[in-house]
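K.L.:
give me a model of this one.
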Amino acid sequence: MNNQVTTLYNGVSMPWLGIGVFKVEEGDELVHAVKFAIKHGYRSIDTAAIYGNEEGVGQALHESMLETGLAREELFVTSKVWNADLGYESTLKAYETSLQKLGLDYLDLYLIHWPVEGKYEEAWRALETLYKQGKVKAIGVSNFQIHHLEQLMKHAEIKPMVNQVEFHPRLTQKELLAYCQSQDIQLEAWSPLMQGELLNNTELLEIAQRYNKSIAQIIIRWDLQSGVITIPKSTKEHRIVENFNVFDFELSAEDMTRINQLNQNKRVGPDPDNFDF
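P.N.:
Next comes the predicted model:
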């Protein structure tokens, strides 16, 4: 495994590890968190229209590029179209709005945020258009289960490159991971630390102590060794640094199995088959 990046099936490089900004409000805390992340080696930033913070993310990206000399091409920026905008024309419009707020000329990855029945097929057609026009480097989905992916691919010209889902040791999504790997769709984890619920787990603590790492680092490393991209969220600089410091060790096969066995099919977010937004 390349330490830093993987290659999506269309040849685009995507970092294994990024920073998520879910529930981080516009303002200094957001701008500082994204700038800390870039300063400490992160190159992937994940936001969404519904997060309401694309302008702050854009500000942080531009300030970071000015201060560090990084080129736009060295960053990987993801956003997502919200449920209310799913439709062909409305998705195209939502994309332009996100791009404007971020102050960018293109996105690296654009995702359909949730599989709203009867709506995501038209939205996907819009993503295919954006991709063909070169306005986005890669397109994908979020929170799609196997049957959603199968339904989408009945009509799709272009297969999703990424599926971003809730994924952590209490929700290992074994069948979905295997399916995505068989289809060459890259799985990506949101809420990898289960919104902090796993940070007091005694079994994970015991594993962490043996590697002289934190529980968060053990979970992130488990993601990477499972072949899953991950985007832990933090606004604290020491945590942002800690979360990135996972490329200097490897979990044993035995410990990977132990972590897999923590699965309870337990979600902290909505069930994609039973949600109402």
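
K.L.:
so which residues of the stretch 1-150 of the chain form helices?
P.N.:
Taking DSSP state H, counting those that start in this stretch, the helices of the stretch 1-150 of the chain run over residues 28-39, 54-68, 88-102, 120-132, 146-155.

K.L.:
would JSON lines of those with distance to Glu237, mean pLDDT and mean neighbour count be doable?
P.N.:
All C-beta spots, glycine's among them, are computed from the backbone N, C-alpha and C. Putting the helices of the stretch 1-150 of the chain into JSON lines (distance: least, Cβ to Cβ, whole Å; pLDDT from 0 to 100; neighbours: other Cβ atoms under 10 Å) gives the following:
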{"stretch": "helix 28-39", "distance to Glu237": "5", "mean pLDDT": "95", "mean neighbour count": "20"}
{"stretch": "helix 54-68", "distance to Glu237": "13", "mean pLDDT": "97", "mean neighbour count": "18"}
{"stretch": "helix 88-102", "distance to Glu237": "23", "mean pLDDT": "98", "mean neighbour count": "18"}
{"stretch": "helix 120-132", "distance to Glu237": "35", "mean pLDDT": "98", "mean neighbour count": "19"}
{"stretch": "helix 146-155", "distance to Glu237": "37", "mean pLDDT": "97", "mean neighbour count": "15"}
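
K.L.:
Ile229 is nearest to which of the ones you listed?
P.N.:
If you check each of the helices of the stretch 1-150 of the chain against Ile229 by Cβ to Cβ, helix 28-39 wins as the nearest, at 15.1 Å.

K.L.:
which helices and strands does the closest one pack with?
P.N.:
In terms of contacts (3 or more Cβ pairs under 8 Å, 6 or more residues apart in numbering; DSSP states H and E), helix 28-39 is packed against strand 19-20, strand 44-46, helix 54-68, helix 237-244.

K.L.:
quick one: closest of these to Ala189.
P.N.:
strand 19-20 (9.6 Å).

K.L.:
so what secondary structure elements neighbour the closest one?
P.N.:
In terms of contact count using 3+ Cβ pairs under 8 Å, 6+ apart, strand 19-20 is assigned the packing partners helix 28-39, strand 44-46.

K.L.:
got the buried residues for the shortest one?
P.N.:
If I follow you right, that is strand 44-46. Of the residues in strand 44-46, those buried by neighbour count under the rule 16 or more other Cβ atoms under 10 Å are Ser44, Ile45, Asp46.

K.L.:
for Glu242, find the nearest of the helices of the stretch 1-150 of the chain.
P.N.:
Going through those one by one, with Cβ to Cβ as the measure, helix 28-39 comes closest at 11.7 Å.

K.L.:
now the helices of the stretch 1-150 of the chain in a markdown table, with distance to Val268?
P.N.:
Listed next are these as a markdown table, based on distance: least, Cβ to Cβ, whole Å:
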| stretch | distance to Val268 |
| --- | --- |
| helix 28-39 | 21 |
| helix 54-68 | 23 |
| helix 88-102 | 25 |
| helix 120-132 | 23 |
| helix 146-155 | 20 |
